[in-house]
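S.K.: okay, sequence plus prediction incoming.
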Amino acid sequence: MSASSVFAGLKPQAPDALLSLIGLYRRDPRPEKIDLGVGVFRDDVGATPVLASVKAAERLLLEGQATKAYLGPEGDIGYLDLLKPIIFGDRIDHEMFAVQTPGGTGAIRLACELLKAARPDLRMFIGVPTWPNHTQILDQLGIETVAFGHYDQRAQRLAFDEMMAALETAQAGDAVLLHGCCHNPSGADYSLAQWAAIAELVARKGLTPLIDLAYQGLGLGLEPDAAGMRLVLAAAEDGLLAYSCDKNFGLYRERVGALYTLTRDAETLDITASNIRALARTNWSMPPDHGAATVRVILESEALTALWRDELEAMRARVAGLRQALAKASPALAPLAGQHGLFALLPLSPAQVAALRERHGVYMAGSGRINLAGLTPDTIDVFARAFEACLQGEPA
Ligand code: LMR
């Protein structure tokens, strides 16, 4: 590199491991390869089709949209309002401000920037393992993180007591990042009683919850998937909820997210909202329209909403069915039956993950996370046998 280049001082960055897997898989010529990498829903033949409700809404948009003029920093207000009862139910005691964001990632980024601006010395408690981009965003913003274990990967179960003991050390003014449902990467969600205990702790300690809700409807259903996190938000003085429609509406590449900010009084909300608008303005000015408009058109129509709910339920049921099938296929996969959503974190070392890829053509995140939806009726047993062989240290 030329020493006089303005870029000469840059340090090389490792490519995002999960996104690199997409290219690696594509380049593998083996026809029997299995993609359990990035988190997209796939059907029984391995396709990720556009939902019929989305197609219908897009047709309406194409015909009916009269202008492409800017909407403003909040984005599509109808979209944000129509999602509210789905996310929060019919009772909201807080004051609330919402903005549309580019995907759930945009919402998390905005939430963290807001927290950093509000309290430069804020500490974020974060359960590990988590979605790697959480820690990447927090690190990039220079937010101090306090990591706590909440999942035992070897035993494939929640480490709830360990988590609660760690949260007991938090102090008023600290924040905590929680996965609303369908934990990524573990698939291990809290029971309602455990959520209630978290809510009690958050209120007692004066913590600010940041909830990442990216898979609502893919665990037990739209309502049960939100019930636990609602308890935490209701108990907190302030809260933030980062939402994604990328998965439950199958809109991935449209990047459809939202950030909801909750405070106890209108004056605090006004100042907070002005900061969120200013942060959004300097990040992306105004969010892209199409995906959120599509969701709005679906939710404005009773018929399209019913169709979307049916389609979401079909996705949910397929993933739940895969969990049962995997649990039957191998005793080592039995814990998956009691977990939720697209992901499971298998008790595999990075070397075993690499061996599965190289020897068996099975692609998964380096952490041992699989996206169950990448399996089909034909590959469940193939995968289970490869997994068992790896666990048993197959000969080189
Ligand atoms: C995943 O975890 O696979 C998805 O959320 C995609 C992403 O952006 O990482």
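M.R.: Alright, I've got the coordinates. Residues are numbered from 1 along each chain as shown.

S.K.: SS state for residue 359?
M.R.: Under DSSP: H, G, I helix; E, B strand; the rest coil, residue 359 falls in the helix class.

S.K.: residues contacting it?
M.R.: 386, 394 (C-beta atoms under 8 Å, 6 or more residues apart in numbering). Glycine gets a C-beta too; all of them are placed from N, C-alpha and C.

S.K.: center of this structure - which residue?
M.R.: By C-alpha atoms, centre = their mean, the chain has its centre lying nearest to residue 214, at 3.6 Å.

S.K.: how many neighbours does the closest residue to the ligand within the chain have?
M.R.: Taking C-beta to the nearest ligand atom, the ligand has its nearest neighbour within the chain at residue 39, 3.0 Å off. Using other C-beta atoms under 10 Å, residue 39 is surrounded by 25 other residues.

S.K.: offset the numbering so it begins at 132, please.
M.R.: Fine by me, first position is 132 from now on; the one you just mentioned is residue 170.

S.K.: pretty sure it is touching residue 474, no?
M.R.: Yes. With contact defined as C-beta atoms under 8 Å, residue 170 reaches residue 474; the gap is 6.6 Å.

S.K.: spit out the residues that contact these two alike.
M.R.: Common contact partners of residue 170 and residue 474 (C-beta under 8 Å, 6+ apart): 315, 502.

S.K.: helices of this protein, start to end?
M.R.: With helices called from DSSP state H, the chain shows them at 148-158, 183-195, 208-219, 234-249, 263-271, 291-299, 323-336, 353-366, 397-414, 421-431, 433-460, 481-491, 511-522.

S.K.: ok, now which ones touch residue 248?
M.R.: Contacts for residue 248 were tallied using C-beta under 8 Å, 6+ apart; they are 406, 410.

S.K.: brain fart, residue 202
M.R.: 208, 417, 420.

S.K.: and the first one, how many residues sit next to it?
M.R.: If I follow you right, that is residue 208. Residue 208: 15 surrounding residues under other C-beta under 10 Å.

S.K.: check contacts around it.
M.R.: Neighbour list for residue 208: residue 202 [criterion: C-beta under 8 Å, 6+ apart].

S.K.: likewise for the last one?
M.R.: Contact analysis of residue 420 by C-beta under 8 Å, 6+ apart lists 199, 202, 206, 207.

S.K.: again with the second one
M.R.: Contacts for residue 417 were tallied using C-beta under 8 Å, 6+ apart; they are 201, 202, 203, 204, 206, 411.

S.K.: now with 7 Å, please.
M.R.: 201, 202, 203, 204, 206 (C-beta atoms under 7 Å, 6 or more residues apart in numbering).

S.K.: can you turn the buried part of the residues you listed into a PyMOL selection?
M.R.: Buried residues among those (16 or more other C-beta atoms under 10 Å), as a PyMOL selection:
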select buried, resi 202+204+206
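
S.K.: out of the contacts of residue 417, who's nearest residue 175?
M.R.: Nearest to residue 175 out of these is residue 206 (C-beta to C-beta; 35.0 Å).

S.K.: break this structure down into its domains, please.
M.R.: 148-181+435-524, 201-431 (automatic domain parsing).
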